[in-house]
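*Asks:* Model the following, please.
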Amino acid sequence: MSKKNSGFAADLAAGIDLSDDGAAPRRSSIASNVLTGRSNRLADLAAGTIVNRTHELVDPAKCRMWAGHNRDYSLLNEERCSDLIESIKAQGRQEIPAIVRRISGNDGYEFEVICGARRHWSISWLRSHNYPDFKFLVDVREIGDEEAFRLADIENRARDDLTDLERARDYLRALTAYYDGRQKTMAERLKVSESWLTRYLDLARLPEELTRAFAEPQELGIRNAIALKALLKPDDRRARAYREAERLAGERETTGQSMPVIEVIKALTLAADSPKKSVSPKKSGKPETIASAGGKPVLRIEGADRKGIRLTLLSKGGATRKDAEEAIRAVLDQYWS
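*Replies:* As a prediction, this is how the structure comes out:
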């Protein structure tokens, strides 16, 4: 607010006499409340707390995240919000208001944040790091949950800082909460194709037994969901993928090193495929090594003749006992009539 307008609002607020002057006629309680509310608003205008009719500058501590918010607030940190923090510091204020709605209760909160979790986190962080005068700019709306969901979705579709997995999980929750599980209805309300929505729902439905293979599941995108979904059927393929995911998670925990998303998907896909059945050793007589689905050597077929097959178990090759059992079973299927 300019100094001129601020001064005008202050003068106007000061010109309203709210004292109980005995000579003045007594106003009704309704009229008194209206004037009191008006004077308070004018005072807020004079102080610069209210920017316009719907935008207000508030204490972020008075705001809580809406339960249906599509961002995982716990994942926000200085690194993920660094660009916004620097922008607010450079501008001296928050430029784009968060969308909130008023709430009432005894928990000390006055607003619920529909859109603007990063803005809320950034202002809160700045206030606790040498910028105590920054306030949270909000746009106050009167909206229900389903409308709030659609509004948040429209805003966040244009943002790069919301991961596919966060958006996917929000869609899956909303499908039940607002649309009774009717995917077609939800797609129509969001004005998207049903196939587009399906890809996100597939990502959200990936089981934890599979996603545990990834150091940062938040890095998974809808393109990855297609390859990962294919690992879940049939049952034996899913079981092998789960075992490999468990192995990768354990290896990561032991070594402290993580693999890129694409490399993890390749490992899971390779492990999900059945071990290749061995064939007769080559006519050259050279031994043939049988590897696990993960590429680890399991056993070596030294030779085969009428009397039988000579095998060497490669117990130090890095494969698991289950890999060995599957490889031996494959050899039996091939040679045992």
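*Asks:* mind giving me the domain ranges of this structure?
*Replies:* 3-50, 208-272, 288-335 (automatic domain parsing).
*Asks:* The ones you listed: lowest mean pLDDT?
*Replies:* For the domains of the chain, mean pLDDT drops lowest on domain 3-50, to a mean of 45.
*Asks:* can you tell me how far the closest residue to Ala271 other than its chain neighbours sits from Thr211?
*Replies:* Leaving aside its chain neighbours, Ala271 sits nearest to Glu244 (3.4 Å; criterion: Cβ to Cβ, 6 or more residues apart in numbering). Any C-beta I mention is one placed from the backbone N, CA and C, and that applies to glycine too. Separation of Glu244 from Thr211 (Cβ to Cβ, to the nearest Å) stands at 13 Å.
*Asks:* between the two, which one's more packed in?
*Replies:* Glu244 (24 against 17; other Cβ atoms under 10 Å).
*Asks:* Look up how far Ala174 lies from that one.
*Replies:* 32 Å.
*Asks:* How about Arg212?
*Replies:* Arg212 is 25 Å from Ala174, by Cβ to Cβ.
*Asks:* Please say which of these two ends up with more neighbours.
*Replies:* Neighbour totals were compared for Arg212 and Ala174, and Ala174 leads with 21 against 16 (other Cβ under 10 Å).
*Asks:* Need the three-state assignment for that one.
*Replies:* helix (DSSP: H, G, I helix; E, B strand; the rest coil).
*Asks:* Need the nearest residue in space to it, chain neighbours excluded.
*Replies:* Ala174 sits nearest to Phe149 (Cβ to Cβ, 6+ apart), 5.2 Å away.
*Asks:* got the contact list for that neighbour?
*Replies:* Residues in contact with Phe149 (Cβ atoms under 8 Å, 6 or more residues apart in numbering) are 68, 70, 170, 174, 177-178.
*Asks:* rerun at 10 Å
*Replies:* The neighbours of Phe149, taking Cβ atoms under 10 Å, 6 or more residues apart in numbering as the test, are 66, 68-70, 114, 143, 170-171, 173-174, 177-179, 186, 189-190.
*Asks:* Please indicate which of those residues are buried?
*Replies:* Buried residues within the contacts of Phe149, counting neighbours by 16 or more other Cβ atoms under 10 Å: 66, 68-70, 114, 170-171, 174, 178-179, 186, 189-190.
*Asks:* Mind checking which of these land in helices?
*Replies:* 170-171, 174, 178-179, 186, 189-190 (DSSP state H).
*Asks:* Which one of those residues is nearest to Ile262?
*Replies:* Using Cβ to Cβ, Tyr171 comes nearest to Ile262 of those, at 24.2 Å.
*Asks:* need the contact list for that closest one.
*Replies:* Contacts of Tyr171 (Cβ under 10 Å, 6+ apart): 70, 149, 153, 183, 186-187, 190, 192, 197-198, 200-201, 203-204.
*Asks:* Can you list which of the residues you listed are found in helices?
*Replies:* 149, 153, 183, 186-187, 190, 197-198, 200-201, 203-204.
*Asks:* Thr289: what secondary structure?
*Replies:* The three-state label given to Thr289 by three-state DSSP is strand.
*Asks:* What residues does it make contact with?
*Replies:* Applying Cβ under 10 Å, 6+ apart, the residues near Thr289 are 278, 297-301, 312, 314, 317.
*Asks:* circling back: which one of the contacts of Tyr171 is nearest Leu76?
*Replies:* Asn70 (13.0 Å).
*Asks:* how about the strands of this structure, start to end?
*Replies:* Listed in chain order, the strands of the chain (DSSP state E) span 55-58, 63-65, 98-102, 111-115, 136-141, 288-291, 297-304, 309-313.
*Asks:* Tell me which of those strands is the most buried.
*Replies:* strand 111-115 (a mean of 23; mean count of other Cβ atoms under 10 Å).
*Asks:* partners of that strand in the sheet?
*Replies:* strand 63-65 (parallel), strand 98-102 (antiparallel) (DSSP bridges).
*Asks:* between it and strand 136-141, how many degrees?
*Replies:* Put simply, strand 111-115 runs at 90 degrees to strand 136-141, going by axes from the mean of the first three to the mean of the last three Cα atoms, to 10 degrees.
*Asks:* which parts of stretch 254-270 are buried?
*Replies:* Within stretch 254-270, judged by 16+ other Cβ under 10 Å, the buried ones are 259, 261, 264-265, 267-270.
*Asks:* swap that for stretch 139-159, please
*Replies:* So, applying 16+ other Cβ under 10 Å, buried residues of stretch 139-159: 139-140, 148-150, 152-153, 155-156.
*Asks:* tell me the mean pLDDT over that stretch?
*Replies:* If you average the pLDDT over stretch 139-159, you get 88.
*Asks:* Just the C-alphas of that stretch, formatted as CSV.
*Replies:* C-alpha atoms of stretch 139-159 as CSV (Å, rounded to 0.1, in the frame of the first residue of the first chain):
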residue,chain,number,x,y,z
ASP,A,139,-6.1,-15.5,-1.0
VAL,A,140,-9.1,-16.4,1.2
ARG,A,141,-11.8,-18.5,-0.5
GLU,A,142,-15.1,-20.2,0.5
ILE,A,143,-14.9,-23.6,-1.1
GLY,A,144,-15.7,-27.2,-0.4
ASP,A,145,-13.3,-30.2,-0.5
GLU,A,146,-14.0,-31.4,-4.1
GLU,A,147,-13.7,-27.9,-5.5
ALA,A,148,-10.6,-27.4,-3.4
PHE,A,149,-9.1,-30.5,-4.9
ARG,A,150,-9.8,-29.4,-8.4
LEU,A,151,-8.4,-25.9,-7.7
ALA,A,152,-5.2,-27.3,-6.3
ASP,A,153,-4.9,-29.7,-9.2
ILE,A,154,-5.2,-26.9,-11.8
GLU,A,155,-2.5,-24.9,-10.0
ASN,A,156,-0.1,-27.7,-9.5
ARG,A,157,-0.3,-29.1,-13.0
ALA,A,158,1.7,-26.1,-14.1
ARG,A,159,4.4,-26.6,-11.5
